[in-house]
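1. Quick one, what's the 3D model for this:
(chains A, B, C and D)
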There are 2 protein chains.
Amino acid sequence: MRMARARTTSDVFNAIAEPRRRQILELLATRGALAVGTLVVLLGHPQSAVSKHLGVLRKVGVVAVFKQGKQRVYSLDANRLKTVHDWVKHFEQFWDHHLARIKTLAERRAREHAFVHKSQQQKGPS
Amino acid sequence: MRMARARTTSDVFNAIAEPRRRQILELLATRGALAVGTLVVLLGHPQSAVSKHLGVLRKVGVVAVFKQGKQRVYSLDANRLKTVHDWVKHFEQFWDHHLARIKTLAERRAREHAFVHKSQQQKGPS
DNA sequence: ATATTATAGTCCTATATTGGAATATGTCAA
DNA sequence: TTGACATATTCCAATATAGGACTATAATAT
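-> Numbering: from 1, shown residues only, chains lettered A, B, ... in the order given. Predicted structure coming up:
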């Protein structure tokens, strides 16, 4: 069996792996709810492409639609993006500035510890 | 020309769209640097698969390798994950609790404003 | 009813990606 | 050098995806 990655339509991570879809989400975030036609204009992509991306985003649950006349107005439904946020957040502590600080601290502590043990156990008041 | 999404090996978002790769990153985060063989055991996937995923993560720059004898030890290089973090962070304000609060506030304000205009323009001291 | 507009969905094709097996490469030990 | 081990890479087949053109559906206007 050849199972590739989880389906685009069922995994938020995969859904936002496509730049155009991220762009759509950004637009919905900054400009509020938008009709498909508006998105088509803003993005400059063919309508069928936009609709298909919206379909993916809809199925994965990061956007919501409602009809307004003959238009379909899409809006952000960002809750599932929190999943992504929570995931990357785990790695926060490993980003450079954090890392540098933590690492040097840890190393210094280790060195001092070793030193104390190797030499005379003198405790400074610092 | 048929350009699909950005290459897995050049886009962090795409790189982490694959669950196994996320799993690898998680392992490197929680257990520190690990040799490929260890990862193979921990993940239970065939070595070639693990190596290939590591290759992607390496090319995209979220892991670093160094040789230790005949082993290759991989470690996290989380800086590029910050990109992802920063991106999703934009949507923070749209998550439910936030959204609910902000939305109702805005709506109430709008309603009050409309009311004031429709009726007698009385300004409370609040 | 019919035309028009807005959008979704379908069909087709090119491409990227993945897994698996087998193989190549590199490193150490005897 | 030869062999054993650790890992990367290559080749192949299956699948998912994306774009493009076209068609279907739905809502509105005439």
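2. now A:Tyr74, what's its secondary structure?
-> strand (DSSP: H, G, I helix; E, B strand; the rest coil).
3. what sits against it?
-> Contact analysis of A:Tyr74 by Cβ atoms under 8 Å, 6 or more residues apart in numbering or on different chains lists A:24, A:28, A:33-36, A:39, A:54, A:57-58, A:63-65. Every residue, glycine included, has its C-beta placed from N, CA and C.
4. out of those residues, who has the most neighbours?
-> With neighbours taken as other Cβ atoms under 10 Å in any protein chain shown, the top of the contacts of A:Tyr74 is A:Leu57, carrying 28 neighbours.
5. check contacts around the nearest residue to that one once chain neighbours are set aside.
-> Nearest-residue entry for A:Leu57: A:Val63, 4.4 Å, with adjacent residues in sequence omitted and distances by Cβ to Cβ, 6 or more residues apart in numbering or on different chains. With contacts defined as Cβ under 8 Å, 6+ apart, the neighbours of A:Val63 are A:Ile24, A:Leu25, A:Leu28, A:Leu54, A:Leu57, A:Tyr74, A:Ser75, A:Leu76, A:Asp77.
6. tell me the contacts of whichever residue of chain A sits closest to DNA strand D?
-> Residue nearest to DNA strand D within chain A: A:Thr8 (3.0 Å; Cβ to the nearest atom of the strand). Applying Cβ under 8 Å, 6+ apart, we find A:Thr8 in contact with A:Asn14, A:Ala15, A:Ala17, A:Glu18, A:Val56, A:Val60.
7. 10 Å - rerun?
-> With contacts defined as Cβ atoms under 10 Å, 6 or more residues apart in numbering or on different chains, A:Thr8 is in contact with A:14-18, A:21, A:53, A:56-57, A:59-60, B:5, B:17.
8. Check those residues for burial and list the buried ones.
-> Among the contacts of A:Thr8, those scoring as buried are A:Asn14, A:Ala15, A:Ile16, A:Ala17, A:Glu18, A:Arg21, A:His53, A:Val56, A:Leu57, A:Val60, B:Arg5, B:Ala17 (criterion: 16 or more other Cβ atoms under 10 Å in any protein chain shown).
9. Show the contacting residues for A:Lys52.
-> A:Lys52 touches A:Arg20, A:Arg21, A:His45, A:Pro46, counting by Cβ under 10 Å, 6+ apart.
10. no no, A:Val50
-> A:Arg20, A:Ile24, A:Val36, A:Gly37, A:Thr38, A:Leu39, A:Val40, A:Val41, A:Leu42, A:Leu43, A:Gly44, A:Tyr74.
11. residues from chain A in reach of DNA strand D?
-> When proximity is defined as Cβ under 7 Å from any atom of the strand, chain A approaches DNA strand D at A:1-2, A:4-5, A:7-9, A:14, A:17-18, A:20-21, A:45-46, A:48-49, A:52-53, A:56, A:67, A:69-70.
12. let's see 6 Å
-> Selection of chain A residues close to DNA strand D by Cβ under 6 Å from any atom of the strand yields A:2, A:4, A:7-8, A:14, A:18, A:20, A:46, A:48-49, A:56, A:67, A:69-70.
13. I would like a ChimeraX command selecting only the buried ones among those residues, please.
-> Here is the ChimeraX command that picks out the buried ones among the residues of chain A next to DNA strand D, judged by 16+ other Cβ under 10 Å:
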select /A:8,14,18,56
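14. Of the residues of chain A next to DNA strand D, which pair is most distant in space?
-> In terms of Cβ to Cβ, the residues of chain A next to DNA strand D reach their longest pairwise distance at A:Arg2 and A:Gly69, which sit 44.6 Å apart.
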